[in-house]
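J.: can you look at this prediction? I've put the sequence above it.
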Amino acid sequence: MATLELIHVTKRFGKKVVAVDDFSLRVEDGEFLVLLGPSGCGKTTTLRMIAGLEEVTEGRILIDGEDVTDLPPRKRNVSMVFQNYAVWPHMTVYDNIAYPLRLKRVDKKTIDETVREAARMTKIEELLDRYPSQLSGGQQQRVAVARALAVKPKLFLMDEPLSNLDAKLRVATRTELKAIHEKTGATTIFVTHDQSEAMSLADRIVIMRDGKIEQIGTPDDVYHRSASIFVADFIGTPPTNFIDVEVQVRDDQIHLVNPYFDFPLNPENAAKLRDYPKRELILGVRPENIVLVSEDEAIFSTQCLVSEPQGSHQIIAIELDGKIIKIVAPAYPKVRSGETIHLNFKQEAIAFFDKDTGRRIE
Amino acid sequence: MNKRMTFALAAVLVVSLLAACAPKTVTVTVEVPVERTVEVEKTVEVPVEVPAKTLVLSSEMFAPPAEQEFFINEILKPFEEETGITVNFQVIKGEDMFDRVTVQQETGHVTTDLVLVFNGRFSWWTDAGYVLPLDEVVSEWTDRTILPAFDRNAVVDGTRYFVPISADVYLTIANNKALDYLPEGVDLNNLTYEQYADWAIAIAEGEGEGKVCVTGVPQKMWIYQFGSSALSYGLNPAGQPEPAFPNVNSEPSAAAWAMWARIGAANGFMPTVLNVDNCVDPLMREEAWLSVTHNARVGQVYASAEAQYTVAPAPSGPAGVGTIAGAHGIGIVKGTANYDAAVQLLEYLTRPEIQVKINKGTGGFIPVVAEALDYLGEDPTDEIIRKALLVLENGVTSYLPISDFQDWGAVKKVFDDVFQQMVLQGDGTVDQALLDEAQARLDALRVEQ
Amino acid sequence: MTAQRKSAHLGKRITPYLLVIPVFIYYLIFWVQPVLQQVIRSFLDPTTGQLSLESYRLVLTDPDFIPALRNTAIIVVISVTMEFFIALFLALIIKRDFWGASIFLFLAMLPMALPPVAVGAMWKTGLTTNGWLNSLLHYVGFLPEGEKIYWLAGSTWKMLALIIIIDAWQVIPSVMIILLAGLQNIPKELEEAGYVFGGNYFTVLRKITLPLLRPTIQTAVVLRLIAAIQIWLIVIVLVGFSRLPVLVERIVYYHEEVPRLNISPQMAAGYTMIVTVIVSLAALIYLRLSGAFSRREGG
Ligand SMILES: Nc1ncnc2c1ncn2[C@@H]1O[C@H](COP(=O)(O)OP(=O)(O)O)[C@@H](O)[C@H]1O
Ligand SMILES: [Mg+2]
């Protein structure tokens, strides 16, 4: 097992495309780290640089403190699960898993044991003699994982390994992957664009945007303490609600003002804005942090636009300032469309974002 | 999938190979004359324009693209403008032309109106009766006299079937650099073959590289180059009715072989002689300095750089200046629907001034109408034509008895093999046994009669 | 209901046949018929029309037959092997997509655009004593001034070597393009996985790239094999007929050069059949050796 460090890593394709931009990160031994971001943000490129499949334009990559930036893939002792699995169609499942071991001149008996062990872990023991064309997508994915496991690598790299599976299988497999990680304790870098996958698997999540790191943190960090509008919007379903507000100081209190509401901040929140020089900012509230209250506790009232019962809860949509705002409320009492509702924010869970930079104000 | 594709591809290839080698189907094109219905209003007569005629002229001459282009643009085009008759000129191998017309004759769909044929093959046509008598036509021409040198087989039993339009003989051409090696007191215009050989050997010794060009590629012109020399050594004694040529092993032939073998043993031939299929290029590139070759080829080289070359009649031998003389003649195909137009074209092509134009323009062939001489001028090609006429008039000539043999290509090959084995690889002497064996091969090719 | 389904099923089954029939008929009339004719002719005496093996006797006793067979075999073995390896090498280089790869590809493809006659003529002028090859060698100084190489003069072996080189020059690009297309069809992750899991360039090439390229290699080599057996035009442009007999040159010789010889039809028919058998056998043997018949999954 190993640690991984990326130090100011930049990757440019040609002169114009900057796929990864000044990326610095330290991954701890045994950690399950997820690279999360929308398509095209540079996740795969980052992973490929770690694997050695892509040259680094600037910066260094260290594995266990050793600079591997200029080493070919085979000397890095990493393994990878590719998005399309990349199992070799001309080899049986057994040979697919054994190939890396044979290259390492491991003796036959050990190879056999290792292959079977990996196959057992990934539940493909019965498929060892088959060719990939005789396997389903899910089975091929397991072969790819087994092959990656068998080499007992320092780093385990996975590029959207679940994205080609159907929804149900995806969720099941992700649980298994997590279990395998717990068992092996391998340092893992997992790439996905699916935030719920990231949340459920990661020790830490790195959220990327346009080749840059937007935020690094535990799933809780990125959810509850989103560093930017981008993160707050990207993480969580439904995403965070954003409301334009004006800061007004009245009666020694800081008020957030909007045509629909005007309320004073509690001391903790007020402290964050005390030295904030601008008059306008963006208020971010997660849907579950807008609460239905009685009329006198409300800071504003409005009509329910639609309500979507979800069983365990209901999602209520309202319109505010021309924007749809979503609220996650307990399943009962049921709110009907058109019904007037009274709302307040959980002040301990609201966030402020700079209108220009999109960064969180603290 | 891929495997099956591979098999399918292989199968298609095998089958197409077979098909390509299978006998070709002869396509017969049938020309349907265009009939025009003209609605005549009331009784007013409207002159009906005769649809433009198209003549098809098949030729085994003028195969080189430059000659072809010249013949079409400079000779046929004025005719078309003059008469309104379009001439469709097609170059085709002699054998193929004969096969094609045979099919036309057998099916009655005659689409080839005129044929331009090598005189060695005249008798194929006359024997088969595919060409029409031309005496009446020729007798109407008062301004021209057809040289009798090529009447053999063109005139059968007193009836003319072909009118020659162009003849060729063999001439000597030398790069002027070679003149330095010309033995003292030797006159290039009266050169003998033995002197030619000495000269060639002197060049080879002086330059360290042979400079004589003959066509060493099989089935090209060596048979004629050799044949011309054998005639010089007496292969066709005067007055002998049947030509002795082609012959490999008679005394005159052996004497000629001995002369060539002398050159060969002294490495007098250009080193790459076996790859030469035409002496024009080697002469122009100066890889060869010396050659006795076809007058049109000589003309081509000479005209390219007049100052650089010297042209002379073919060398002589004990029997005189020998040369293979060939001619190409036109016949009108039996059953043609365009007889009158064909006659018009024939008349046009044999006009003395057109004769000179044709033969000069295509590099120095010899006109076969006596009056053409009056139209010769002073430029290099005229020079070639004059020299060639000299050889034709004074030389020991032979025509090519192509129709006596199953296949003329195979006849050529006999001579090519002797050249390679005895002249090039030999020790400079004549191997009579080899010649006798070659002669036997040659005789085996004769058509049984 | 069942009947309906049955007929629909039937319709589905015969549609492909219906689509193929016109092509099949065309093939039958224009390919198979002349081929059969040729096969039959090769077993008949042209004068009597009787069943006869004379064609084969003539060919097998032809003094040029053994040299033709030998020369063809030499050309095929050396040129196919050499062309394949050079083409593979070039395809692998071009695949790496280095700077200027597309220009290189374009230049490499130029010989393909030339008809064999032009190629022959071009090389022939190049190889003559004062040709461009010697000039070039003088120019770059490999050949001292005044010295010449007589490329075209010399032994059968030298000629064979020249023919192989010229043929290679012309066909390597096409083999390369077939291989390049095959290489580009291999998903790049398959090779990348090979590198990640411990392979260097050559192990990945041997264990992953080449096995995956096998169907393409088979196609390319079979095509080349068949084409190489059929080499003749370059031979005759360079040295003319009969000097360096090769099998198909013999067919053309009897068919085109000496067609009026009494034995020519039989010779042409006999040689044609022999070439056909050899081509088919060569293709079969190669496919067997290369494992196209062994059942294999994947791909
Ligand atoms: N080989 C390449 N050449 C040029 N641009 C590339 C290449 N690979 C990736 N890119 C670009 O780099 C950016 C990041 O790509 P990638 O790492 O694949 O994103 P992700 O995996 O996050 O979807 C994209 O804009 C993509 O178009
Ligand atoms: Mg990606």
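T.: Cool, got the structure. Every value quoted in this text rests on a predicted model; they were computed, and no experiment measured them. Ligands and ions are numbered 1, 2, ... in the order given.

J.: pLDDT weak spots in chain B?
T.: Counting by pLDDT under 70, chain B contains low-confidence ranges at B:1-52, B:238-242, B:449.

J.: let's see it at 80
T.: The model of chain B has pLDDT under 80 over residues B:1-52, B:149, B:237-243, B:362-364, B:448-449.

J.: just the strands in it please.
T.: B:54-59, B:86-91, B:114-118, B:155-156, B:159-160, B:163-168, B:170-175, B:290-294, B:309-313, B:316-317, B:320-324, B:326-332, B:396-398 (DSSP state E).

J.: by contact count, what packs against the longest one?
T.: This points to strand B:326-332. Here strand B:326-332 touches strand B:114-118, strand B:163-168, helix B:339-350, going by 3 or more C-beta pairs under 8 Å, 6 or more residues apart in numbering or on different chains; DSSP states H and E. Heads up, the C-betas are built off the backbone N, CA and C, glycines and all.

J.: alpha carbons only: can I get it in CSV?
T.: Presented in CSV, the C-alpha positions along strand B:326-332 are these (Å, rounded to 0.1, in the frame of the first residue of the first chain):
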residue,chain,number,x,y,z
GLY,B,326,9.5,-3.7,-94.1
ALA,B,327,6.5,-1.7,-95.3
HIS,B,328,3.1,-1.0,-94.0
GLY,B,329,0.2,-0.9,-96.5
ILE,B,330,-3.5,-0.1,-96.5
GLY,B,331,-6.2,-2.4,-97.7
ILE,B,332,-9.9,-1.9,-97.9
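
J.: beta partners for residue 291?
T.: As the question left the chain open, I've gone with chain A. residue A:344 (DSSP bridges).

J.: that answer is for a different chain, and I need it for chain B
T.: On the basis of DSSP bridges, residue B:291 is bridged to residue B:173.

J.: you'd agree it is up against residue B:175?
T.: No - Residue B:291 lies out of contact with residue B:175 (C-beta atoms under 8 Å); the separation is 9.4 Å.

J.: report how many residues lie close to whichever residue of chain A sits closest to chain B.
T.: Taking C-beta to the nearest C-beta as the measure, chain A has residue A:133 as its residue closest to chain B, at 11.7 Å. Residue A:133 has 12 neighbours, counted by other C-beta atoms under 10 Å in any protein chain shown.

J.: looking at this, it is in a strand?
T.: No - secondary structure of residue A:133 (DSSP: H, G, I helix; E, B strand; the rest coil): helix, not part of a strand.

J.: just the element for residue A:46, please.
T.: Assigning secondary structure by DSSP states H and E places residue A:46 in helix A:43-51.

J.: possible to save the strands of chain B as a markdown table with mean neighbour count?
T.: Converted to a markdown table, these look like this (neighbours: other C-beta atoms under 10 Å in any protein chain shown):
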| stretch | mean neighbour count |
| --- | --- |
| strand B:54-59 | 20 |
| strand B:86-91 | 17 |
| strand B:114-118 | 24 |
| strand B:155-156 | 18 |
| strand B:159-160 | 16 |
| strand B:163-168 | 24 |
| strand B:170-175 | 26 |
| strand B:290-294 | 27 |
| strand B:309-313 | 21 |
| strand B:316-317 | 24 |
| strand B:320-324 | 26 |
| strand B:326-332 | 26 |
| strand B:396-398 | 23 |
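
J.: domain ranges for chain C?
T.: Domain segmentation of chain C under automatic domain parsing yields C:15-52, C:55-117+C:155-289.

J.: comparing the ones you listed, which yields the minimum mean pLDDT?
T.: Note on these: lowest mean pLDDT is at domain C:15-52, with a mean of 83.

J.: what distance separates that domain from the centre of its chain?
T.: Distance of domain C:15-52 from its chain centroid, counting by C-alpha atoms, centre = their mean, to the nearest Å, is 24 Å.

J.: repeat that for stretch A:225-233.
T.: 12 Å.

J.: so does whichever strand or helix holds residue C:83 get close to chain B?
T.: Assigned by DSSP H and E, residue C:83 belongs to helix C:65-95. No - between helix C:65-95 and chain B, judged by C-beta under 8 Å from any C-beta of the partner chain, nothing touches; the nearest distance is 13.5 Å.

J.: show me what that helix is packed up against.
T.: Counting contacts by 3+ C-beta pairs under 8 Å, 6+ apart, helix C:65-95 packs against helix C:101-113, helix C:156-185, helix C:210-229, helix C:247-252.

J.: any chance of those helices in JSON lines with mean neighbour count and distance to residue B:401 as columns?
T.: Output for the helices and strands packed on helix C:65-95, formatted as JSON lines (neighbours: other C-beta atoms under 10 Å in any protein chain shown; distance: least, C-beta to C-beta, whole Å):
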{"stretch": "helix C:101-113", "mean neighbour count": "13", "distance to residue B:401": "45"}
{"stretch": "helix C:156-185", "mean neighbour count": "19", "distance to residue B:401": "34"}
{"stretch": "helix C:210-229", "mean neighbour count": "21", "distance to residue B:401": "39"}
{"stretch": "helix C:247-252", "mean neighbour count": "25", "distance to residue B:401": "26"}
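
J.: could I get those in a markdown table, plus columns for distance to chain A?
T.: Below are these laid out as a markdown table (distance: least, C-beta to the nearest C-beta, whole Å):
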| stretch | distance to chain A |
| --- | --- |
| helix C:101-113 | 15 |
| helix C:156-185 | 12 |
| helix C:210-229 | 5 |
| helix C:247-252 | 37 |
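
J.: want to throw the ones you listed into CSV with distance to ligand 1?
T.: Output for the helices and strands packed on helix C:65-95, formatted as CSV (distance: least, C-beta to the nearest ligand atom, whole Å):
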stretch, distance to ligand 1
helix C:101-113, 15
helix C:156-185, 15
helix C:210-229, 21
helix C:247-252, 47
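
J.: how about low-confidence regions in chain A?
T.: A:1.

J.: of all the helices and strands packed on strand B:326-332, which lies closest to residue C:217?
T.: The minimum distance between residue C:217 and these falls on strand B:114-118, with 51.4 Å, by C-beta to C-beta.

J.: once you drop chain neighbours, what's closest to residue B:339?
T.: The shortest distance from residue B:339 to any non-neighbouring residue, by C-beta to C-beta, 6 or more residues apart in numbering or on different chains, is to residue B:332 (6.8 Å).

J.: who's that neighbour bridged to?
T.: Assigned bridge partners for residue B:332, using DSSP bridges, are residue B:114.

J.: related to what we said a few turns ago, now list whatever residues contact both of residue B:291 and residue B:175.
T.: Here residue B:291 and residue B:175 share the contacting residues residue B:283, scored by C-beta atoms under 8 Å, 6 or more residues apart in numbering or on different chains.

J.: please see if the helix holding residue A:46 touches chain C.
T.: Yes - residues of helix A:43-51 are located near chain C by C-beta under 8 Å from any C-beta, namely residue A:51.

J.: and the helix or strand following that helix, which strands flank it?
T.: Note on helix A:43-51: by DSSP H and E, the next helix or strand toward the C-terminus is strand A:58-63. Paired strands of strand A:58-63, with direction, are strand A:4-13 (antiparallel), strand A:66-67 (antiparallel) (DSSP bridges).

J.: name the residues of strand A:58-63 that are buried.
T.: A:59, A:61-63 (16 or more other C-beta atoms under 10 Å in any protein chain shown).

J.: can you list contacts of it?
T.: The contact list for strand A:58-63 (C-beta under 8 Å, 6+ apart) reads A:2-10, A:22-24, A:49-50, A:67-69, A:76-78, A:154-155.

J.: and the angle for it with helix A:43-51?
T.: If you take axes from the mean of the first three to the mean of the last three C-alpha atoms, to 10 degrees, strand A:58-63 sits at 60 degrees to helix A:43-51.

J.: just the CA atoms of strand A:58-63, as CSV, please.
T.: C-alpha atoms of strand A:58-63 as CSV (Å, rounded to 0.1, in the frame of the first residue of the first chain):
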residue,chain,number,x,y,z
GLU,A,58,4.4,20.2,-15.7
GLY,A,59,4.7,19.1,-12.1
ARG,A,60,5.7,15.9,-10.3
ILE,A,61,4.0,12.7,-9.3
LEU,A,62,5.3,10.8,-6.2
ILE,A,63,4.3,7.3,-5.2
